[in-house]
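>>> Here is the input, now give the coordinates:
(chains A and B)
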Amino acid sequence: MSATGGPPAPPAPAPPVRGRSVRKRLVPYWLLLPGVLWLLVFFALPMVYQASTSVQTGSLEEGFRVTWHLATYKDALADYYPQFLRSLLYAGTATLLCLLLGYPLAYLIAFKAGRWRNLVLVLVIAPFFTSFLIRTLAWKTILADGGAVVEALKALHVLDVTSGLGWTEGDRVLATPMAVVCGLTYNFLPFMVLPLYTSLDRIDPRLHEAAGDLYATAATTFRTVTLPLSMPGVVAGTLLTFIPASGDYVNAELLGSTDTKMVGSVIQSQFLRVLDYPTAAALSFILMAVVLLVVTVHIRRSGTEDLL
Amino acid sequence: MTQQQTTGGDVRLTGISKTYGSFTAVHPLDLTVPRGSFFALLGASGCGKTTTLRMIAGLEEATTGTVSLGGRDITALPPHRRPVNTVFQSYALFPHLDVTENVAFGLRRRGVTPVKKRVAEMLDLVQLGDFARRRPHQLSGGQQQRVAVARALINHPQVLLLDEPLGALDLSLRRRMQLELKRIQTEVGITFVHVTHDQEEAMTMADTVAVMNGGRVEQLGAPADLYENPRTTFVANFLGTSNLIEAEIVSAGTDVVVSAGGGTLRLPAGRCPAPTPPGGRLLVGIRPEKISLDPAADADPDDGRNRVTGRITEAGFLGASTQYLVESPAGKALQVYEQNTGHRRSLAPGSEVVLRWDPAHTFALDAAQDMEAGVQSVQDTP
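Okay, here's the model as predicted:
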C-alpha cells in the first residue's frame, strides 16, 4: 500500500545506444506513471494534508494554523484510549471468528467441493452484490429483541454466558458488543475466505497422500502439512480482516450503542460533528501506527515473510 | 506397527480389481511379488499399473479382492497403518520442510529414535549428506528424486512402491538413477514394486516384470523370458520389436512347419501355443536382431535355417548397428537389426536380399489377436 516503494531497478545497463534502447529502458517507468500519479494525488497528498492538520490549532471560525501543537496527540490518546482498545478487541475477536468460520469453509471449497466449487465461491462473494449498509442494517432485524435468533440463544442459555462476560445485556443482543462483533465478522468473512482458499488450493493433494503414506493420520497431516502450507493465506486473511475492521465505524454505529463506540466512530464524529479537525487527524494517525505495529508483529511471529 | 525390519513376506494380490463407475481400471487380478525381489509393473499409460500400485499403498480402495503382506490381510487398513511406503511420481516432497525434515517425517510420526543419526545414515546412502538443510525447491530433479527415495526407505517398509519415479528425469540421469536404485535395492534387500512405462527401465532393473495392458496382466516373468518367449502380440510388440508373420500350419511334429508368403518356415513345437492342427493359423514371430541379412546373389544354398527373400526399402544407420526395413511376400515391413561389424559394407535400399534365422529363435502366437497391439506409435513415446 506504499506509494513510496520506488520504481523497480532498471534492467541491466545496456550499451548506450541512442533511440530504441533508451525508449525500451523507459518502458517500466511509463507503466508505473498512472499508478504513481493516482497514489500521489489521492494518497500521498491527503496524508501530508492530514499530517499538517494534526499539528494545527484554532477553530472553524478563526481558521486553523500550523503551530506544531503535538499535545493534540497526547490529549487524543488520553481521551479516547478506551475506544482504541475496544476497536482492537472487537476487530481482533471478529478476525478470530472469521478465521474459525472461514478456514473450514475454505478447506471445503479447496478439497471437498468437487463440481460445486465455483458455486460455493460465488456464494461466498454473493453478499457483495448488496450494499454494505443494507447488509449491516439487515442484522438489526436478525438480532432484534424477541426475534428468532435472540429467542433461540436465550433458550440455549447462551445469553446467560455472554451477558456474564459483558458481551450482551440481559435479553438483548442488539446494541451490545456481540452485535458489533457479529456485524464485523459477517461483513469481513469473504476477505478471510478468499485468501485462505487461494493458498489451500495451491497445496498439491499428493502431499496429503504422501503424509498418509508416511504414517500420519488425517489430523496429523493437517497439523504438519496443510496448516503450515496455508499460513500465507492465514496471514493475508487476518490482515485483510483485521485492518479494515479496526477502522470500521458502520457496524458500531448501526448495531452498537454509545458504549460500543469504536475509534472509527470517534474520528467520524470529530471530523463531521465536532469539527475538531486536528484531533480527528491525530486519531487517524495513531490508529494507523497501532495497526502497522500489530501487523508487523503478526507477520514476524507467524514467520511467513518468505512465503508471502 | 511391526518393528520387524526388512523381514516382510510376499505381497499377494487376490482377485483385486478397481472400477470407476462403468470404467474398469483393473480387472480382477492375482499377483504375487516374492519377498526381496525387484518387481516391475510395465505398461502404457492407462493400463492400470499405477492403480494397482495405489491399491497396495492403500491410496486407492480396491473394488473387489484382497491385498496381503506376509500373510496378513491389509485390505482394510488405511495408508498410514500399512508397512509400505511410496515414492511418488512427482516426488510430493513437503515444500515447507528441508531435506532432513522431509526424510525424518515418517520416523517422527511413529516416534522412532534416534532421528538425527538415522536421517544422516540415510542421506549418506543416497549421497545427499551435503544437502541436509536445503529446501526441495533448491534441489535438482535427480536430488529431489533421491530425497523421495530416502524419505520412504528410512522407514524400513516391508515393500517400497515406486510410481514412475524416474519419469521426470532426462535420459542420461534416468540411466544413472536406474543403476542407483538397483544398488540401493540390493543393499537394503527390501521388496521393490516399480511402476514404469519404459520397457528398457523395467528390463534393466527388475527381477520379474508383469506386463499390463487394458487393466490385465498380459504376461509375467523374468525380463529375458518375456523377451524371448512372448505369449501375446502385445508383449511381443511392447517389449522390444517383433516381426510377426501370418502363417498356416502345414504339418506338426517335433518341428512345426508353416507356410507363409509362398515359402515355408519351421519352428520348434514347444514354442507354439497348443494345439497345432494342420490347416490352423498362427502368427510366427522373430526378433529383428536374430535375423541375418545377405545379398540375394551370394546366398548359400539351403542350410536348414528359415529363409525369406525380399527387397530392402529403408536402411537407417545408427552407429553400432543398422536397421533395415525389408519388403517380402511374408511381410510388408520386416525389421532387421544388423551389427556394424565391418565384415561387409551396408546394403543400400533396393537391394534384393535373403533373410535367414535359426528355427529355434522363432516363436509363434495365437493368430486370433491384433497384430499391431502394443506397437508404440509416436504419440505414446514420452
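
>>> how close does residue A:169 get to chain B?
To chain B, residue A:169 is 46 Å away according to Cβ to the nearest Cβ, to the nearest Å. Placement of C-beta: from N, CA and C, glycine included.

>>> residues in contact with the nearest residue to that residue once chain neighbours are set aside?
Nearest residue to residue A:169, sequence neighbours excluded (Cβ to Cβ, 6 or more residues apart in numbering or on different chains): residue A:176, at 5.3 Å. By Cβ atoms under 8 Å, 6 or more residues apart in numbering or on different chains, the contact list for residue A:176 reads A:167, A:168, A:169, A:256, A:257, A:260.

>>> Next step: those residues restricted to strands.
The members of the contacts of residue A:176 all map outside strands under DSSP state E.

>>> Out of those residues, which two sit at the greatest distance?
Spatially, the most separated pair among these is A:167 and A:257, at 12.9 Å (Cβ to Cβ).

>>> sorry, back to before: how about the contacts of residue A:176 in TSV, adding distance to residue B:79 and pLDDT?
Shown next, in TSV, are those (distance: Cβ to Cβ, whole Å; pLDDT from 0 to 100):
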residue	distance to residue B:79	pLDDT
A:167	45	88
A:168	47	87
A:169	53	87
A:256	51	90
A:257	55	89
A:260	51	88
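
>>> How are the strands of the stretch 51-200 of chain A distributed by residue range?
A:56-59, A:63-66 (DSSP state E, counting those that start in this stretch).

>>> again but with the stretch 51-200 of chain B, I slipped
Using DSSP E, counting those that start in this stretch, the strands of the stretch 51-200 of chain B run over residues B:64-69, B:72-73, B:84-87, B:159-163, B:191-196.

>>> Would you map the helices across the stretch 151-300 of chain B?
B:171-188, B:199-205, B:223-228, B:233-238 (DSSP state H, counting those that start in this stretch).

>>> which one of those lies closest to chain A?
Among those, helix B:171-188 comes nearest to chain A, with 17.3 Å by Cβ to the nearest Cβ.

>>> how about that closest one: buried residues?
Using 16 or more other Cβ atoms under 10 Å in any protein chain shown as the test for burial, helix B:171-188 gives B:173, B:174, B:177, B:178, B:180, B:181, B:184, B:185, B:188.

>>> Would you mark the buried spots in stretch A:34-41?
By neighbour count with 16+ other Cβ under 10 Å, stretch A:34-41 contains the buried residues A:36, A:39.

>>> now stretch A:150-158
Neighbour-count burial for stretch A:150-158 flags A:150, A:153, A:154 (criterion: 16+ other Cβ under 10 Å).

>>> Keep these, but drop any that are not near chain B.
Subset of these in contact with chain B: empty, counting by Cβ under 8 Å from any Cβ of the partner chain.

>>> Mind putting those into TSV with pLDDT and distance to residue A:236?
Putting these into TSV (pLDDT from 0 to 100; distance: Cβ to Cβ, whole Å) gives the following:
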residue	pLDDT	distance to residue A:236
A:150	91	35
A:153	91	32
A:154	90	38
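
>>> Which of those residues sits closest to residue B:337?
Comparing the buried residues of stretch A:150-158 against residue B:337 with Cβ to Cβ places residue A:153 closest, at 83.7 Å.

>>> Skipping its backbone neighbours, what lies nearest the closest one in space?
Nearest residue to residue A:153 in three dimensions, chain neighbours excluded: residue A:159, at 5.0 Å (Cβ to Cβ, 6+ apart).

>>> What is the neighbour count of the one you found?
Residues lying near residue A:159 (other Cβ atoms under 10 Å in any protein chain shown) number 23.

>>> ok, it - contacts?
Contacts of residue A:159 were listed using Cβ under 8 Å, 6+ apart, and they are A:150, A:153, A:168, A:170, A:171, A:173.

>>> ok, now residue A:211?
A:220, A:221, A:224, A:225, B:94, B:105.

>>> and the third one, what is it in contact with?
Residues in contact with residue A:224, defined by Cβ under 8 Å, 6+ apart, are A:211, A:216, B:105.

>>> ok, and the closest non-adjacent residue to residue B:134?
residue B:99 (5.5 Å).

>>> thought the one you found was touching residue B:138?
No - counting by Cβ atoms under 8 Å, residue B:99 does not reach residue B:138; the two are 9.0 Å apart.

>>> out of those two, which sits in the busier spot?
residue B:99 (28 against 12).

>>> Which strand or helix spans residue 32?
The chain I'm using is chain A. helix A:20-39 (DSSP states H and E).

>>> Chain B was what I was after
Following DSSP H and E, one finds residue B:32 within strand B:23-33.

>>> Alpha carbons of that strand, as PDB, please.
Extracted in PDB, the C-alpha atoms of strand B:23-33 (Å, rounded to 0.1, in the frame of the first residue of the first chain):
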ATOM      1  CA  PHE B  23     -14.900 -47.900 -16.300                       C
ATOM      2  CA  THR B  24     -12.800 -50.800 -15.200                       C
ATOM      3  CA  ALA B  25      -9.300 -49.700 -14.500                       C
ATOM      4  CA  VAL B  26      -8.100 -53.000 -13.200                       C
ATOM      5  CA  HIS B  27      -9.700 -56.300 -13.900                       C
ATOM      6  CA  PRO B  28      -9.700 -59.000 -11.200                       C
ATOM      7  CA  LEU B  29      -6.000 -59.700 -10.800                       C
ATOM      8  CA  ASP B  30      -3.900 -62.300  -8.900                       C
ATOM      9  CA  LEU B  31      -0.300 -61.400  -8.400                       C
ATOM     10  CA  THR B  32       2.400 -62.500  -6.000                       C
ATOM     11  CA  VAL B  33       5.500 -60.400  -5.500                       C
END
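
>>> separation between the residue nearest to residue A:153 and residue A:186?
19 Å (Cβ to Cβ, to the nearest Å).

>>> picking up where we left off before, tell me which of the strands of the stretch 51-200 of chain A is the most buried.
Stretch with highest mean neighbour count among these: strand A:56-59 (a mean of 14; mean count of other Cβ atoms under 10 Å in any protein chain shown).

>>> That one pairs with which strands?
strand A:63-66 (antiparallel) (DSSP bridges).

>>> Contacts for the partner strand next, please.
Counting by Cβ under 8 Å, 6+ apart, A:52, A:53, A:55, A:56, A:57, A:58, A:277, A:278 sit against strand A:63-66.

>>> for stretch B:202-217, the distance to its chain's centre please.
Relative to its parent chain, stretch B:202-217 has a centroid offset of 4 Å by Cα atoms, centre = their mean, to the nearest Å.

>>> Show the contacting residues for residue A:75.
Going by Cβ under 8 Å, 6+ apart, residue A:75 touches residue A:279.

>>> What residues sit buried inside the helix or strand hosting residue B:334?
Assigned by DSSP H and E, residue B:334 belongs to strand B:331-339. Neighbour-count burial for strand B:331-339 flags B:331, B:334, B:335, B:336, B:337, B:338 (criterion: 16+ other Cβ under 10 Å).

>>> tell me the angle of the helix or strand following it relative to strand B:331-339?
Later in the chain than strand B:331-339, the nearest helix or strand by DSSP H and E is strand B:352-357. For strand B:352-357 against strand B:331-339, the angle by axes from the mean of the first three to the mean of the last three Cα atoms, to 10 degrees is 70 degrees.
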